[in-house]
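# Kindly generate the corresponding structure for this input.
(chains A, B, C and D)
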Number of protein chains: 2
Amino acid sequence: MLADDLKTAPRDCGDCPIRHKAVCARCEPDELTQLDKIKYYRTFEAGQTVLWAGDHMGFVGSVVTGIATLTQTMEDGRTQMVGLLLPSDFVGRPGREHASYNVVATSDLVMCCFRRKPFEGLMAETPHIAQRLLEMTLDELDAAREWMLVLGRKTAREKIASLLSVIARRNASLSLSKAEGTMVFDLPLTREAMSDYLGLTLETVSRQISALKKDGIIQLEGKRHVTVPDFDLLLDEAGDDGDGGMLS
Amino acid sequence: MLADDLKTAPRDCGDCPIRHKAVCARCEPDELTQLDKIKYYRTFEAGQTVLWAGDHMGFVGSVVTGIATLTQTMEDGRTQMVGLLLPSDFVGRPGREHASYNVVATSDLVMCCFRRKPFEGLMAETPHIAQRLLEMTLDELDAAREWMLVLGRKTAREKIASLLSVIARRNASLSLSKAEGTMVFDLPLTREAMSDYLGLTLETVSRQISALKKDGIIQLEGKRHVTVPDFDLLLDEAGDDGDGGMLS
DNA sequence: CAGGAACTTTGACCCAGATCAACCTGTGGT
DNA sequence: ACCACAGGTTGATCTGGGTCAAAGTTCCTG
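Numbers count the residues shown, from 1 in each chain, chains lettered A, B, ... in the order given. Coordinates of the predicted model:
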């Protein structure tokens, strides 16, 4: 299965599914050629740790397919997820020797990696890369701040509804459809991972999901497959104002 | 008093107290001349709102002196601080028409503003500005993620100790001294602002500060002047591992 | 197809922090 | 000098979500 992934991993940037969204999105063909020289693919199985906080980082890179989590842990084991890495998201910080967070593959994962030193050199010469990275970092900062409101001020039910609406909205944008009306998707996270994202216990996550189901806000088939009959109802439960946080 | 601030505001970038830390830190003299053409100073009194979320933003800029807060509010009034803006911190997002957060001056405030459109143009031509902004944004993202752990997983006492240690550490870095041993500083925030930062009520903030005082972790003169006899003890209370989060 | 292991749900109980309320303290205005 | 008021403290009580415990589901693996 890993061998399969390696075989099906894009060899050519032209075929790459994240070509227009990743850190290389703005690159011209010649810049892409440069990047191509220092890139290589790595695959990870679901559950595998990509990086431990404090590890030396020889590379930076982009998630091509699959999902990974960025987590921080206290000595006594309390864990907080601080980022959810989806296809096109960037891992690592140019100029930084050591990883700041744990990166764990939640599903099978393919990453497009660049050796760090050459990448930093390329970044200094190629404004298109730095520009795109700035834009992506600003987006991540907005997402992190949005999440601070969720963590600091929302109730357990609102937290769950917020997470579901984020996942639903992202799924819609992948399939190029609007975030409205009936929506169907699969949860990419276990109850425990959700609890780490939301600053709750897994029992509370389970209870609140059951409650939303009972109230008809969502429907469940199995543990992971979710149907949202009316997206606006879900947004009401999340306590967000109407606009859905889409500012520009 | 406002007139005073205006008079004492630096007219020349050479004298500017944030020259080596702000978004202009990397600029060459000629680049600085360009920036100088589109810059102007604005002052705000303590308590004044600099920007409302959703406002049209005609400018971006840097905090020169004073302190401001970045907050997000839900319709029912629940408020979460998502950033604390200190001298040299940047306000606004290039390319974004409207403010995403409320910006409120916590103390009297002087800002160095740039008209947004010309600034965006300059950024495209001057890699030094974009480079520095990327670096600053990555630092803010790290700070936001650190705060997600505080909000999601720490107890009230740990939250207070975390906030105090952040403030103490920052004060130390301003006075170029090490963060260790006995430290003395003033709280730049009201109890209510602290509660908005930490996702607590102001009563809980007050109680936990009293508890830390009773336990000898801190001493108080008046409401704002804090003495930390042993910084390591405070860090223990914050639940942080020894390293203090200084990764690079 | 039995036996696990990982994940999930549900119930009973408890407690940290919220809420409601009273009072204290310092500062500026008239 | 007095008052008003913003900011802060402290007490009493309540409750949302945590903790502990048990059992149900799904999916492997032998």
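# How about the contacts made by the residue nearest to residue A:118 when sequence neighbours are not counted?
Of all residues not flanking residue A:118 in the chain, residue A:38 sits nearest, at 4.4 Å (Cβ to Cβ, 6 or more residues apart in numbering or on different chains). Quick note: C-beta positions are derived from backbone N, CA and C, even for glycine. Residue A:38 is in contact with A:114-115, A:118-119, A:122, counting by Cβ atoms under 8 Å, 6 or more residues apart in numbering or on different chains.
# Could you dump the residues you listed into CSV and include neighbour count and secondary structure?
Listed next are those as CSV, based on neighbours: other Cβ atoms under 10 Å in any protein chain shown; DSSP: H, G, I helix; E, B strand; the rest coil:
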residue, neighbour count, secondary structure
A:114, 25, strand
A:115, 16, strand
A:118, 15, helix
A:119, 21, helix
A:122, 19, helix
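# Run through those residues and flag the ones next to DNA strand D.
With the criterion set as Cβ under 7 Å from any atom of the strand, no member of the contacts of residue A:38 is near DNA strand D.
# Show me which of those is closest to DNA strand C.
Ranked by distance to DNA strand C (Cβ to the nearest atom of the strand), the contacts of residue A:38 are led by residue A:114 at 30.7 Å.
# for that closest one, what are its contacts?
Contact analysis of residue A:114 by Cβ under 8 Å, 6+ apart lists A:35, A:38-39, A:59-61, A:122.
# Let's see the pLDDT reported for it.
If you check residue A:114, the pLDDT there is 96.
# what's the spacing between it and residue A:82?
23 Å (Cβ to Cβ, to the nearest Å).
# do the same with residue A:238
Distance, residue A:238 to residue A:82, by Cβ to Cβ: 20 Å.
# Comparing those two, which residue is more hemmed in?
residue A:82 (25 against 21; other Cβ atoms under 10 Å in any protein chain shown).
# give the contact list for the more buried one.
A:70-72, A:101, A:144, B:145, B:148-149.
# go with 7 Å
A:70-72, A:101, B:145, B:148-149 (Cβ atoms under 7 Å, 6 or more residues apart in numbering or on different chains).
# Ok, residue A:217 next?
Residue A:217 is in contact with A:233-234, A:237, counting by Cβ under 7 Å, 6+ apart.
# give me that answer again for 10 Å
Residue A:217 is in contact with A:157, A:160-161, A:164, A:209, A:211, A:228-230, A:233-234, A:236-237, counting by Cβ atoms under 10 Å, 6 or more residues apart in numbering or on different chains.
# right, is the longest helix along chain A up against DNA strand D?
For chain A, the helix that runs over the most residues, judged by DSSP state H, is helix A:127-153. No: remark: helix A:127-153 sits outside contact range of DNA strand D, by Cβ under 7 Å from any atom of the strand, the gap being at least 9.9 Å.
# and that helix with DNA strand C, contact?
No: Helix A:127-153 does not reach DNA strand C (Cβ under 7 Å from any atom of the strand); its nearest approach is 8.9 Å.
# so residue A:137 makes contact with residue B:141?
Yes: here residue A:137 reaches residue B:141: they are 6.1 Å apart, a contact under Cβ atoms under 10 Å.
# overlap in contacts of the two?
Jointly contacting residue A:137 and residue B:141 under the rule Cβ under 10 Å, 6+ apart are residue A:93.
# quick one on the thing from earlier: now the phi/psi pair for the residue nearest to residue A:118, please.
Torsion angles at residue A:38 (phi, psi; degrees, to the nearest 10) stand at phi -110, psi 10.
# Distance check, it against DNA strand C.
From residue A:38 over to DNA strand C the distance is 35 Å, taken as Cβ to the nearest atom of the strand, to the nearest Å.
# Equivalent analysis for residue A:24, please.
33 Å.
# helices or strands up against the helix or strand containing residue A:235?
Using DSSP states H and E, residue A:235 sits within helix A:231-238. Helices and strands in packing contact with helix A:231-238 are listed as helix A:156-174, helix A:202-214, strand A:225-228; criterion 3 or more Cβ pairs under 10 Å, 6 or more residues apart in numbering or on different chains; DSSP states H and E.
# Buried residues, the shortest one. List them.
Under the neighbour-count criterion of 16 or more other Cβ atoms under 10 Å in any protein chain shown, strand A:225-228 has A:226, A:228 buried.
# The residue nearest the centre of chain A: what's it in contact with?
The centroid of chain A falls nearest to residue A:85 when counting by Cα atoms, centre = their mean (2.5 Å). Taking Cβ under 10 Å, 6+ apart as the contact definition, residue A:85 lies against A:50, A:62-63, A:66-70, A:91, A:103-106, A:109, A:111.
# Does the helix holding residue A:235 reach DNA strand D?
No: Helix A:231-238 lies out of reach of DNA strand D by Cβ under 7 Å from any atom of the strand, never closer than 12.2 Å.
# Out of the contacts of residue A:114, which sit inside helices?
A:35, A:38, A:122.
# Alright, I will stop here.
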